[in-house]
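Participant: Quick one, what's the 3D model for this:
(one chain, ligands or ions: 1)
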Amino acid sequence: MVRTLWIPQRTRSRISFPRSKSTLALDVRQDITVTTAIQPVTNLFDLDRAGLEAFFIGLGEKKFRAQQVMKWMYHQQVIDFEQMTDLGKSLRDKLNTHAELRLPKILHEQQSSDGTCKWVLELEGGNAVETVFIPEANRGTLCVSSQIGCGLNCSFCSTGTQGFNRDLTTAEVIGQVWIAANSLGSKHRGARRITNVVMMGMGEPLLNFDNVVPAMSLMRDDYGFGLASRRVTLSTAGLVPMIDRLNAESDVALAVSLHAPDDELRTQLVPLNKKYPIAELMAACQRYAARKAKTQITFEYTLMKGINDKPEQARALVKLLRRVPSKLNLIPFNPFPGTKYERSEPMVIATFQKIVMDGGLIATVRRTRGDDIDAACGQLVGKVMDRTRRQADFRRRIEAEVHVIP
Ligand code: SF4
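Facilitator: Now for the predicted structure:
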């Protein structure tokens, strides 16, 4: 009998096919053995602690094995079962048969003159995503992607122009943290730890809830990366029902890409606003903030010249955000080839910040980092095999606009 141990992620090709049709016809039992001998192989990076415990119970082992193996995977960064020396040989044999530890491959690694690091990671299907580490005096923030491309089509976002291919698996999400930690640890041991993770790279993380939430749980698990909940932030364009689901099922910090103080402009910038307008979004943010004392929502507001950087818009923002315990992150726009938007002038940004701060909001201006390696916010690109044909549409739009300009 062959037990099914877990949902197969893929199968190992260790199947011995029947020798010949005549042999098969004569030996029915052998035929059954052949058809059921496909062994499911589970990538353990796809499982959070509860998933690993269930996996080990399925293997006929005690559930504490999950913690033991997680220590190797995440604390020691060992990805070869043979090197897990406190596991007995029979368990290592079982793991070699039924499990694997598979991570994305590093295609490219770059370091900016300001210390920002960027990794381009190759994923199955010929796609690639980018992960960025931003070191600061008192912390190190890793910006992680959740999807290949993005389907939400925000008009000011470089990722949004590339179309959408697929969701990342849990292994591909947590793999970004693993690779960055491994790379930074080996090159700068102890000096440049990852203290914060923001799900703010490519993609809308709430549209990949079932893979992102277990990955964020591994980031916070003591046997995983052990980050405090408030140091793991999920950033959303405003999927209201999923914000409520996150509120019920996870305990991470929430950031919302706002970018406009009124529905008309926000729908132009973030088309999702048409479905979940600002009033509904703010109500969901209030519910999220009410989950426990001192919870603050971070609102991101990308400042674009002449679009959303006027003093009256700053005042409207104050009115809007007063109702939610929050802080405002003002982000100077990062232009990318073909975009019609421009970065606001430094004086305009300073005036905008002053108005919102005078109105009682906490507001910071994000310093642009990693410019020389295109690692700044909104520039994460990777390689997206577009299934939505948005890249082609975007190119056509650019060409049309180029023809119109004299
Ligand atoms: S801003 Fe975020 S949600 Fe909008 S298109 Fe870009 S990646 Fe997607």
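
Participant: where's Met219 relative to Leu152, distance?
Facilitator: Distance of Met219 to Leu152, given as C-beta to C-beta, to the nearest Å: 23 Å. Heads up, the C-betas are built off the backbone N, CA and C, glycines and all.

Participant: Close to the ligand: what parts of the stretch 151-300 of the chain are there?
Facilitator: Residues of the stretch 151-300 of the chain lying close to the ligand (C-beta under 6 Å from any ligand atom) are 152-154, 157, 159-160, 202-204, 237, 257.

Participant: Of the residues you listed, which belong to helices?
Facilitator: Secondary structure defined by DSSP state H assigns none of those to helices.

Participant: a markdown table for these, including pLDDT and neighbour count?
Facilitator: Listed next are those as a markdown table, based on pLDDT from 0 to 100; neighbours: other C-beta atoms under 10 Å:
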| residue | pLDDT | neighbour count |
| --- | --- | --- |
| Leu152 | 94 | 21 |
| Asn153 | 91 | 19 |
| Cys154 | 94 | 22 |
| Cys157 | 92 | 26 |
| Thr159 | 85 | 28 |
| Gly160 | 82 | 23 |
| Met202 | 92 | 30 |
| Gly203 | 95 | 28 |
| Glu204 | 96 | 27 |
| Ala237 | 97 | 27 |
| Ser257 | 97 | 25 |
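
Participant: was I right about Trp119 contacting Thr131?
Facilitator: Yes: applying C-beta atoms under 8 Å, one finds Trp119 in contact with Thr131, separated by 4.9 Å.

Participant: hey, what's in contact with both of those two?
Facilitator: 176, 179-180 (C-beta atoms under 8 Å, 6 or more residues apart in numbering).

Participant: show me what contacts the closest residue to the ligand within the stretch 1-150 of the chain?
Facilitator: Residue of the stretch 1-150 of the chain nearest the ligand, by C-beta to the nearest ligand atom: Cys150 (3.1 Å). For Cys150, the contacting residues are 157, 159-160, 162, 164, 202-204, by C-beta under 8 Å, 6+ apart.

Participant: What strand or helix carries Ile179?
Facilitator: Here Ile179, judged by DSSP states H and E, is contained in helix 170-187.

Participant: Which parts of the stretch 151-300 of the chain are helices?
Facilitator: 170-187, 209-220, 240-249, 263-269, 278-289 (DSSP state H, counting those that start in this stretch).

Participant: Show me the shaky parts of the stretch 101-250 of the chain.
Facilitator: 186-192 (pLDDT under 70).

Participant: quick revisit: give me the more crowded residue out of Trp119 and Thr131.
Facilitator: More crowded of Trp119 and Thr131, by other C-beta atoms under 10 Å: Thr131, with 27 against 22.

Participant: can you count the residues close to the residue nearest to the more buried one when sequence neighbours are not counted?
Facilitator: Nearest residue to Thr131, sequence neighbours excluded (C-beta to C-beta, 6 or more residues apart in numbering): Gln176, at 4.2 Å. Residues lying near Gln176 (other C-beta under 10 Å) number 27.

Participant: what sits against Val356?
Facilitator: 314, 317-318, 328, 330, 363.

Participant: Next: Gly306.
Facilitator: Glu342.

Participant: per-residue confidence for it?
Facilitator: For Gly306, the model assigns a pLDDT of 98.

Participant: how close does it sit to Val318?
Facilitator: 20 Å.

Participant: Domain boundaries for this protein, per the record?
Facilitator: 10-100, 105-402 (automatic domain parsing).
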